[in-house]
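J.: Here is my input, please return the structure:
(one chain, ligands or ions: 1)
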Amino acid sequence: MLTIRSQFTNHFNYNAALVVKSPGRINLIGEHIDYNHGFVLPAAIDKFIEVAIGKRSDGAIHMVALDLGEAIIVPTHNLAPHATAWVNYIIGVVDQVLNTENNNVSIEINLVSKREDLAAGFDICIQGNIPLGAGLSSSAAVECAVLFALNELYDLSLTKMQMALMAQNAEHKFAGVNCGLMDMFASLHGQKNKAILLDCDSLAFTYYPLALNDYSIVLFDTQIKHALASSEYNTRRLECEQGLKIIQEKYPTVKTFRDISLEQVEDCLAFSINSTNEMKEDKLQDKTTKDNTIKVYQRCKYVVEEIKRVQLAVQDLATGDMQAFGKKMFETHTGLSKLYEVSCPELDFLVESVSNNENVLGARMMGGGFGGCTINIIKKTAVEEITKELSAKYNQAMHKELAMYITSIEDGTHVEEETHLVV
Ligand code: GLA
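T.: You can find the predicted model right below:
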């Protein structure tokens, strides 16, 4: 198979200036709380996006998606969201560098000459092996690979955290998903065999060695992606903001979900709901208001519980109590499925099917939800048998093929050195 360097040379008739590799991510625990100022525990994995890049001088960006066999040219001026999805992940980050006033990351790319240099355009080839739509953050990996490559090529002196924030902005503006910071952060900051605890409030982070010993991290891929995923994602964010505002009205010292107790959630949002989710008070008879109140209450309850759960799970990790850690993964799944409502029958089926298996320490849906993968911690010696059984059951119940990936934890975004074959 041709390397990305040779493919670049074939396309553009000159050699790429550099090749950058950026991984996908898993998240051990802490789901849907990056945008709620909680803690997340992601890690970079052995599936990645690669880009090869070289400068142009005519103000155009020539992009080739090798896996899709598509090539698109866009001028660097007046960048705006493009009809072809993958193009947005590239031009979205270019826009962040060229139009710093758009990036609200207070990044001073004040070296005008460097910006002018970038505005002159570049050629880029892109390829990868992160399954699309599987919740492994292929889009963040593209954004990070491209931005990292631009940072090297044009000597922009951006830190990894600045790049993560810019890539997040790009996703908001060009892909229309109001995602949190976790995916980009993890892709850029990953370290081999380490999970990273990110405090999504202060952006401080700590590496935790992942000593899994006899266990493997196994992803089971539902191979489905619901079209509603991104609109539902944005709705969850809004529901959380709504809940936070209601709680802040009564408790003005509350700044973020980090400051909220379960009692306060009950106090402010459950006032009109009894245990069977029926309204106690007649004043909220309007069905829409009723439904919305119940939803906002459930979302906030999950967020507050999950923030606490991650803090406890990290202690399990530090003391090596993987049984306790795994139990919390199952609890997270229940919360995501019942309270946050971002699961789907296929994900629930996969988690439920392994929940009483003594060789599975923990399992839960991972990422945004509505499809994608479950993450499982499974005893190495049992992986083969469990996968075989689960595939058959899944196929029978859901009429779909199950895909599985055993993941290893790898380094984050980096320049790939040119290897010289010695003949
Ligand atoms: C997606 C988003 C992340 C995060 C997860 C859920 O992957 O891009 O920012 O919110 O969903 O934890």
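J.: ranges for the strands of the stretch 251-400 of the chain?
T.: In the stretch 251-400 of the chain, the segments counted as strands under DSSP state E, counting those that start in this stretch are 360-365, 371-379.
J.: mind listing what Glu352 touches?
T.: Listed by C-beta atoms under 8 Å, 6 or more residues apart in numbering, the contact set of Glu352 is empty. Where you see a C-beta, it was placed from the backbone N, CA and C, and this is true even at glycine.
J.: Please list all residues in contact with the nearest residue to Cys300 once chain neighbours are set aside.
T.: Once flanking residues are discounted, Cys300 sits nearest to Gly243: 3.9 Å by C-beta to C-beta, 6 or more residues apart in numbering. Contacts for Gly243 (C-beta under 8 Å, 6+ apart) come out as Val265, Leu269, Val296, Tyr297, Arg299, Cys300.
J.: what about the second one, distance to the ligand?
T.: Translated: Leu269. As defined by C-beta to the nearest ligand atom, to the nearest Å, Leu269 lies at a distance of 22 Å from the ligand.
J.: distance of the closest residue to that residue other than its chain neighbours from Tyr340?
T.: Nearest residue to Leu269, sequence neighbours excluded (C-beta to C-beta, 6+ apart): Tyr297, at 4.0 Å. From Tyr297 across to Tyr340, the span is 12 Å (C-beta to C-beta, to the nearest Å).
J.: And for Glu232?
T.: For Glu232 relative to Tyr340 (C-beta to C-beta), the value is 10 Å.
J.: list residues touching both of those two?
T.: Contacts common to Glu232 and Tyr340, judged by C-beta under 8 Å, 6+ apart, are Gly369.
J.: circling back to that earlier point, which of the helices or strands spans the residue nearest to Cys300?
T.: For Gly243, the enclosing helix or strand under DSSP states H and E is helix 229-250.
J.: what comes up buried for that helix?
T.: Within helix 229-250, the residues that count as buried by 16 or more other C-beta atoms under 10 Å are 229-230, 232-233, 236-237, 239-240, 242-244, 246-248.
J.: Now distance to the ligand and pLDDT too, for these, in a markdown table please.
T.: Shown next, in a markdown table, are those (distance: C-beta to the nearest ligand atom, whole Å; pLDDT from 0 to 100):
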| residue | distance to the ligand | pLDDT |
| --- | --- | --- |
| Ala229 | 9 | 74 |
| Ser230 | 10 | 83 |
| Glu232 | 11 | 93 |
| Tyr233 | 7 | 93 |
| Arg236 | 9 | 97 |
| Arg237 | 9 | 96 |
| Glu239 | 14 | 97 |
| Cys240 | 11 | 98 |
| Gln242 | 17 | 96 |
| Gly243 | 16 | 97 |
| Leu244 | 16 | 97 |
| Ile246 | 22 | 95 |
| Ile247 | 21 | 96 |
| Gln248 | 22 | 97 |
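J.: So which of the contacts of Gly243 is the closest to the ligand?
T.: Arg299 (13.0 Å; C-beta to the nearest ligand atom).
J.: ok, the spatially closest residue to Pro23 that is not a sequence neighbour - contacts?
T.: Distances taken as C-beta to C-beta, 6+ apart place Ala44 nearest to Pro23, at 4.0 Å, with adjacent residues excluded. Counting by C-beta under 8 Å, 6+ apart, Ala44 touches Pro23, Gly24, Arg25, Ala186, Ser187, His189, Gly190, Gln191, Ile409, Glu410, Asp411, Gly412.
J.: in the sheet, who's paired with Ala44?
T.: Taking DSSP bridges, one obtains Arg25 as the residues bridged to Ala44.
J.: Local confidence estimate at it?
T.: At Ala44, the model reports a pLDDT of 98.
J.: And for Lys287?
T.: 72.
J.: what does the one 5 residues further on give?
T.: In the predicted model, Asn292 carries a pLDDT score of 87.
J.: Same question for the one 10 residues further on.
T.: The predicted structure scores Tyr302 at 98 on the pLDDT scale.
J.: Now it: closest residue in space, sequence neighbours ignored.
T.: With C-beta to C-beta, 6+ apart as the criterion, Tyr302 has its nearest non-adjacent residue at 4.0 Å, and that residue is Leu339.
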